[in-house]
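Participant: sequence isn't available, so here's the structure alone:
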C-alpha cells in the first residue's frame, strides 16, 4: 500500500527550526543563509559595532556593504555584547531556545566566554552545534588564523590554478569559504536526520582546509596513485585534451567538453579537420592525450574562423557541450539564469534595494524562498528577546540601558 505523506509545511522544508547564527564574514553567513532560504528562522547575533563584513568596500547600500548584503538575507538580527556577563547570558538563552547553533570563531573562543556545546547540551541534549573554522577543532594547526586565499594555497588547490607558464593564482570565487558553508549545512542536515531518531544533537566540526582537500577529488587520487605532482591546469584537463577552452575569432574563449569518441569525431568534422579522426596519433583519447602537443595546434587554428557564439551554437546543435566564457554581466543576464530566478531583488522598509544571486535549491510546487532584505544592525533585538526568550519590556529596557543589547531605531521587520 502506498504511504500517504503529510503536506509540506508552508514557508519551506525547514520551517519550524530555529538557528542561532554566531558567524561573520562569509563561510558561516553563507551557510546560515541556505538554512534561512529553506524556511528556518535564523537569528544572527552581532556586536554593537556590527560584524566587519558590513564595512567591506567598495560597494554600499546605505550603511551596509554589498558583501554583507549578499549572504545575510532572510535573517533576524540581535545585538548583544559578549564582553559582558549579561550579554553572554542572552546568547546562552538564545542557544537553548534554538535547534541549531552555527559559529565560526577560532576554536575555543566561545568556550572561554562561557558558551559551549558541552555545557549547553547538558540542558538541551537535542541541540546541534556546527563549528566552522580554518583547520578544525583539533590538530597541530587548529589555532592558525585562516582566510579563503590562505586555505586555497595550503590545500594545494591554488597550485593547480593558473596557466602552466605563469604563477599560481587563487580562484576568482571564494571556494574555501563557500565550500565550508556548504559542507556545514550538509553536516547539519545529517545531524537533524539522526536527531529525528535519537532525540540527541551532534557537534558538526567543519574545517575549511578539510573541505578544500576533499575538493581536490580526482587530482588527489591521481597523485596518490602515481606520485606525479600535477601543475597548473590553465583551461585544460589532465585526462581529456578536447576538454578545454579555445580562443575564437572574436578573441573570446569557448569552453568545449568533447569527452567521448562520438563528440571528438563530431568536433573534428565541425572544425573541418575530419582527417584527424583516422590519424593513428589521435585514434582514441589515450593516443590524443599522449600526442596532445601535436593535436592542439591543429584544433586551435580552425577556431579563429568564427566567433565564440557561432561556435557555441554549432557545437550545441551537434550535442557537444560548449559555452562562451561569459563575463559576469553576460552570465547574470543569461536567459536561463533569469528564468531560474537566480537574480533576486530585495528591498527593505526604508527603500534600500539590492540585487543578489538567488537560491539554487528548487523544490516542486510554488517557490517558497523568502525574500527578506538583510537585517539592519539590531533591528530585531527587542522582538527576539520578547518573543523567543519571553523577556518583559522592563527587562529589555534594563538590558538596553546597561548597553548589554542594542535595539535599532526606525522600521523593523518582525
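Facilitator: Nice, I can see it. This is a predicted model, so every value here is computed, not measured.

Participant: can you give me the strands in the chain?
Facilitator: Under the criterion DSSP state E, the chain contains strands at 18-22, 41-46, 60-61, 64-65, 75-80, 100-103, 128-133, 203-207, 243-247, 253-257, 322-324, 343-347, 353-357, 405-406.

Participant: and those as JSON lines, adding distance to residue 181 and mean pLDDT?
Facilitator: To be clear about C-beta, it is placed using only N, CA and C from the backbone, and glycine gets the same treatment. As requested, these are exported to JSON lines (distance: least, C-beta to C-beta, whole Å; pLDDT from 0 to 100):
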{"stretch": "strand 18-22", "distance to residue 181": "12", "mean pLDDT": "98"}
{"stretch": "strand 41-46", "distance to residue 181": "13", "mean pLDDT": "98"}
{"stretch": "strand 60-61", "distance to residue 181": "22", "mean pLDDT": "98"}
{"stretch": "strand 64-65", "distance to residue 181": "18", "mean pLDDT": "98"}
{"stretch": "strand 75-80", "distance to residue 181": "14", "mean pLDDT": "98"}
{"stretch": "strand 100-103", "distance to residue 181": "9", "mean pLDDT": "98"}
{"stretch": "strand 128-133", "distance to residue 181": "7", "mean pLDDT": "98"}
{"stretch": "strand 203-207", "distance to residue 181": "9", "mean pLDDT": "98"}
{"stretch": "strand 243-247", "distance to residue 181": "28", "mean pLDDT": "97"}
{"stretch": "strand 253-257", "distance to residue 181": "26", "mean pLDDT": "97"}
{"stretch": "strand 322-324", "distance to residue 181": "26", "mean pLDDT": "97"}
{"stretch": "strand 343-347", "distance to residue 181": "18", "mean pLDDT": "97"}
{"stretch": "strand 353-357", "distance to residue 181": "14", "mean pLDDT": "98"}
{"stretch": "strand 405-406", "distance to residue 181": "27", "mean pLDDT": "98"}
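
Participant: take the ones you listed and write them to CSV, including mean neighbour count and distance to residue 175.
Facilitator: CSV is the format used below for the strands of the chain (neighbours: other C-beta atoms under 10 Å; distance: least, C-beta to C-beta, whole Å):
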stretch, mean neighbour count, distance to residue 175
strand 18-22, 24, 22
strand 41-46, 25, 24
strand 60-61, 16, 26
strand 64-65, 20, 21
strand 75-80, 25, 24
strand 100-103, 25, 20
strand 128-133, 25, 14
strand 203-207, 21, 14
strand 243-247, 18, 19
strand 253-257, 20, 18
strand 322-324, 19, 20
strand 343-347, 14, 22
strand 353-357, 15, 16
strand 405-406, 22, 35
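
Participant: tell me how far residue 293 lies from residue 241.
Facilitator: Separation of residue 293 from residue 241 (C-beta to C-beta, to the nearest Å) stands at 9 Å.

Participant: dump the strands of the chain to JSON lines, plus distance to residue 31.
Facilitator: Below are the strands of the chain laid out as JSON lines (distance: least, C-beta to C-beta, whole Å):
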{"stretch": "strand 18-22", "distance to residue 31": "9"}
{"stretch": "strand 41-46", "distance to residue 31": "10"}
{"stretch": "strand 60-61", "distance to residue 31": "23"}
{"stretch": "strand 64-65", "distance to residue 31": "19"}
{"stretch": "strand 75-80", "distance to residue 31": "12"}
{"stretch": "strand 100-103", "distance to residue 31": "6"}
{"stretch": "strand 128-133", "distance to residue 31": "7"}
{"stretch": "strand 203-207", "distance to residue 31": "9"}
{"stretch": "strand 243-247", "distance to residue 31": "31"}
{"stretch": "strand 253-257", "distance to residue 31": "29"}
{"stretch": "strand 322-324", "distance to residue 31": "29"}
{"stretch": "strand 343-347", "distance to residue 31": "18"}
{"stretch": "strand 353-357", "distance to residue 31": "15"}
{"stretch": "strand 405-406", "distance to residue 31": "25"}
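
Participant: quick one, which of the ones you listed is nearest to residue 160?
Facilitator: strand 243-247 (14.4 Å; C-beta to C-beta).

Participant: for the residue positioned nearest the centre of the chain, which non-adjacent residue is closest in space?
Facilitator: The centre of the chain sits closest to residue 178, judged by C-alpha atoms, centre = their mean, with a distance of 3.1 Å. Distance criterion C-beta to C-beta, 6 or more residues apart in numbering; nearest residue to residue 178, sequence neighbours excluded, is residue 30 at 5.9 Å.

Participant: return the residues in contact with the one you found.
Facilitator: Contacts for residue 30 were tallied using C-beta atoms under 8 Å, 6 or more residues apart in numbering; they are 71, 177, 178, 181, 182.

Participant: contact partners for the first one?
Facilitator: Residues in contact with residue 71 (C-beta under 8 Å, 6+ apart) are 26, 29, 30, 33, 53.

Participant: so for it, what's the pLDDT?
Facilitator: Note for residue 71: predicted pLDDT of 98.

Participant: again, but for the fourth one
Facilitator: At residue 181, the model reports a pLDDT of 98.

Participant: what's the burial count for it?
Facilitator: Other residues within reach of residue 181, judged by other C-beta atoms under 10 Å, total 28.

Participant: that one is in contact with residue 132, isn't it?
Facilitator: Yes: in terms of C-beta atoms under 8 Å, residue 181 counts as a neighbour of residue 132; the distance is 7.1 Å.
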